[in-house]
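Trainee: Attaching a predicted model along with its sequence, questions to come.
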Amino acid sequence: MKHVPWWQSSVVYQIYPRSFADSNGDGIGDLQGIRSRLDYLQWLGIDVIWLSPVFQSPMADFGYDVSDYCAIDPIFGTLDDMDALISDCHARGLRLMLDWVPNHTSDQHRWFQQSRVDSTNPKADWYVWRDEPANNWCCSFTGGGSAWDFDEGRQQWYLHCFLPEQPDLNWDNPEVEQAMHDTLRFWLDRGVDGFRMDVVHLIGKQLDRDDPVRAVARGLAHVVFNDAAVTHERLRGIRRVLDSYPGERASVGEVYLLDEAAMATYYGNNDELQLSFNFSFLWTKWDAAALRDRIKTTLSHLAPRGAWPTWVLSNHDVPRHRQRYGSSEEVARMAAVMLLTLSGTPFMYQGEELGLVDALIPADRVVDPGGRDGCRAPLPWTADHLHGWPHDPWLPFPPEPDTRNVESQQHDGTSILNLYRHMLGIRRSHPALREGGFVMIERDDDVLAFERMLNGERVVVALNLGDVGRTVDVLGGTTLLLSSLGLASRVGTTSVLAAHEAAVVVLA
Ligand code: GLC
Ligand code: CA
């Protein structure tokens, strides 16, 4: 039998640690909180946890500004807590991926503190310094500001593709590359299974290339344009570090290019990233033709390389997908079925299993410079007024926490939470859905349908995105595994798919 690496057969669940579970009552989620909720994740049936950053950080970008890659920020706990979390996960058969931020550090990192002193110190060349801005790039989060800032001390300009508090590292310097490899080794030695790699396509840059003038005039950030050849050899270097450890340590890159052909090149020749996020898919509207097209385009660029797709609908940077798709519960349920049955590795974001939309954040409680607080709201665990948090959390809860909470939905057999759990169970028991082939069933209506097959088993997934029932011939005479409408009585032999229904069936 063909060996299937874990990062292909798994479902990954993203935890945003500040908003998952709080153990000590300071209103901020932490590592002990996560440890105390592993029962829930196992009950749900995910395989891998990805933690957004928990490293030491002044939190200008809520942990994506790291001041020490080898220390846990006290707000989240200690290194011992992390070691305990790693071993708890492994004892339960769960894997753990950390979030590695290779493009930039915090301006409070000792490397930058030293680098900014003058142009002759040993770290002088660890960041990108120039006597004047080398290009017209815009940074993210400041509404179109320049990616270059003048440092009064050093009397030079430094590059920051994100906040001024997040200076870009200079990966052209081999010492930087070595130091960053060492930060990977630090965590690999402690047993982590892999890394989500933050904006990893930025570690190689063509500083002499301006961004398109029209985009700059609109304030579009450089991150979506950066696609430099030199990055690929650096990714091969990172891969060699991962491959030098046993157990298939893996990477999933945040390659924030809205182009599948470009994104696909970051898998290299099976020697760069093992996985890369697919943001074109995330931003595709909820429309059968558009989704069909994106899925086929993605597969057509990845398949020839033997590269394994990923599918993600929500994360800590974008409005939640139920909201983007118009907030309907039926649509959120169909989206769950789609996410967990496409060919590739699905990534869930904490709370999507409750059908959450973003929290409304009153103006005086906005804290994120990028305006992303809504999707980062705390996870409601229970129906009572603190929703399982020992103290009021740092952000308001999402809407309807009295019913959209873990406890209430666990007890409601028809909830979206139980739909996710059921679907995850079906994935587990039907290898065709995890590892099988994929064929789009071509149609010209509102039904998105595809077949997954392995070793003679054929599973068909059909989603009716339209407002009227549709006949889907292939469903006739099949065995129903699941309907997103949760109608236990739906007869598997009917070939009619109700409006807003997704069905997963096994062909006889
Ligand atoms: C990535 C992260 C985002 C962060 C940015 C800068 O896009 O997902 O949260 O702000 O990188 O590190
Ligand atoms: Ca806490």
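Mentor: Structure's in. What do you need? Model, not experiment: these values are computed from the prediction. Ligands and ions are numbered 1, 2, ... in the order given.
Trainee: Around ligand 2, which positions in the stretch 1-150 of the chain sit nearby?
Mentor: D22, N24, D26, I28, D30 (C-beta under 5 Å from the ion). Yep, even glycine has a C-beta here, placed from its N, CA and C like the rest.
Trainee: Now a ChimeraX select for only the buried ones of these.
Mentor: Burial among those is assessed by 16 or more other C-beta atoms under 10 Å; the matching ChimeraX selection reads:
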select :22,28,30
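Trainee: Now intersect the residues of the stretch 1-150 of the chain next to ligand 2 with the strands, please.
Mentor: Among those, no member falls in strands (DSSP state E).
Trainee: just checking, L169 touches V176?
Mentor: Yes - under the criterion of C-beta atoms under 8 Å, L169 makes contact with V176 at 5.3 Å.
Trainee: what about those two, which has more around it?
Mentor: L169 (25 against 19; other C-beta atoms under 10 Å).
Trainee: any idea how far that one lies from R452?
Mentor: Using C-beta to C-beta, to the nearest Å, L169 is found at 42 Å from R452.
Trainee: picking that back up, give me the common contacts of L169 and V176.
Mentor: W126 (C-beta atoms under 8 Å, 6 or more residues apart in numbering).
Trainee: Just the closest of the residues of the stretch 1-150 of the chain next to ligand 2 to C89, please.
Mentor: Using C-beta to C-beta, D30 comes nearest to C89 of those, at 15.7 Å.
Trainee: how does the chain divide into domains?
Mentor: Listed domain ranges for the chain are 6-103+171-428, 437-506 (source: automatic domain parsing).
Trainee: Of all those, which one is nearest ligand 1?
Mentor: domain 6-103+171-428 (3.3 Å; C-beta to the nearest ligand atom).
Trainee: what's the offset of that closest one from the middle of its chain?
Mentor: 3 Å (C-alpha atoms, centre = their mean, to the nearest Å).
Trainee: Report the rounded mean pLDDT for that domain.
Mentor: For domain 6-103+171-428, mean pLDDT is 98.
Trainee: Among the residues of the stretch 1-150 of the chain next to ligand 2, which one lies nearest to V216?
Mentor: Using C-beta to C-beta, these come closest to V216 at I28, 37.0 Å.
Trainee: returning to that earlier point: so which of the domains of the chain is the most packed in?
Mentor: Greatest average neighbour count among the domains of the chain goes to domain 6-103+171-428 (a mean of 19), per mean count of other C-beta atoms under 10 Å.
Trainee: Any idea how far apart the tips of that one sit?
Mentor: Terminal residues of domain 6-103+171-428 lie 13 Å apart, using C-alpha to C-alpha, to the nearest Å.
Trainee: Can you tell me how far G371 is from ligand 2?
Mentor: 24 Å (C-beta to the ion, to the nearest Å).
Trainee: re earlier: E329: which of the residues of the stretch 1-150 of the chain next to ligand 2 is nearest?
Mentor: Once C-beta to C-beta is applied, the member of those that ends up nearest E329 is D22, at 28.1 Å.
Trainee: Show the contacting residues for the closest one.
Mentor: D22 sits in contact with I28, G29, D30, G33, W389, P390, H391, P393, where contact means C-beta under 8 Å, 6+ apart.
Trainee: rewinding a little: dump the domains of the chain to a markdown table, plus distance to V117.
Mentor: Shown next, in a markdown table, are the domains of the chain (distance: least, C-beta to C-beta, whole Å):
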| stretch | distance to V117 |
| --- | --- |
| domain 6-103+171-428 | 17 |
| domain 437-506 | 55 |
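Trainee: Tell me which of these sits nearest to Y158.
Mentor: Taking these one by one with C-beta to C-beta, domain 6-103+171-428 is closest: 12.1 Å.
Trainee: What's the local residue count around C139?
Mentor: Around C139 there are 24 residues (other C-beta under 10 Å).
Trainee: how about it, phi and psi?
Mentor: phi -90, psi 170 (degrees, to the nearest 10).
Trainee: ok, it to V199 distance?
Mentor: 12 Å.
Trainee: List the residues that contact the residue lying farthest from the centre of the chain.
Mentor: Relative to the centre of the chain, the most outlying C-alpha is that of T120, 39.4 Å out, by C-alpha atoms, centre = their mean. By C-beta under 8 Å, 6+ apart, the contact list for T120 is empty.
Trainee: can you tell me which residues contact the residue of the stretch 401-508 of the chain found nearest ligand 2?
Mentor: Nearest residue of the stretch 401-508 of the chain to ligand 2: V406, at 18.1 Å (C-beta to the ion). Counting by C-beta under 8 Å, 6+ apart, V406 touches Y40, L354, L379, P380, W381, T382, G388, L417.
Trainee: tell me the two of those that are most distant?
Mentor: G388 and L417 (14.3 Å).
Trainee: ranges for the strands of the stretch 151-300 of the chain?
Mentor: 156-159, 194-197, 250-253, 275-276 (DSSP state E, counting those that start in this stretch).
Trainee: quick one: L482 from S429, how far?
Mentor: 12 Å.
Trainee: do you know how far the spatially closest residue to D259 that is not a sequence neighbour is from P309?
Mentor: Distance criterion C-beta to C-beta, 6 or more residues apart in numbering; nearest residue to D259, sequence neighbours excluded, is S280 at 6.8 Å. S280 is 12 Å from P309, where distance means C-beta to C-beta.
Trainee: Overlap in contacts, the two.
Mentor: T298.
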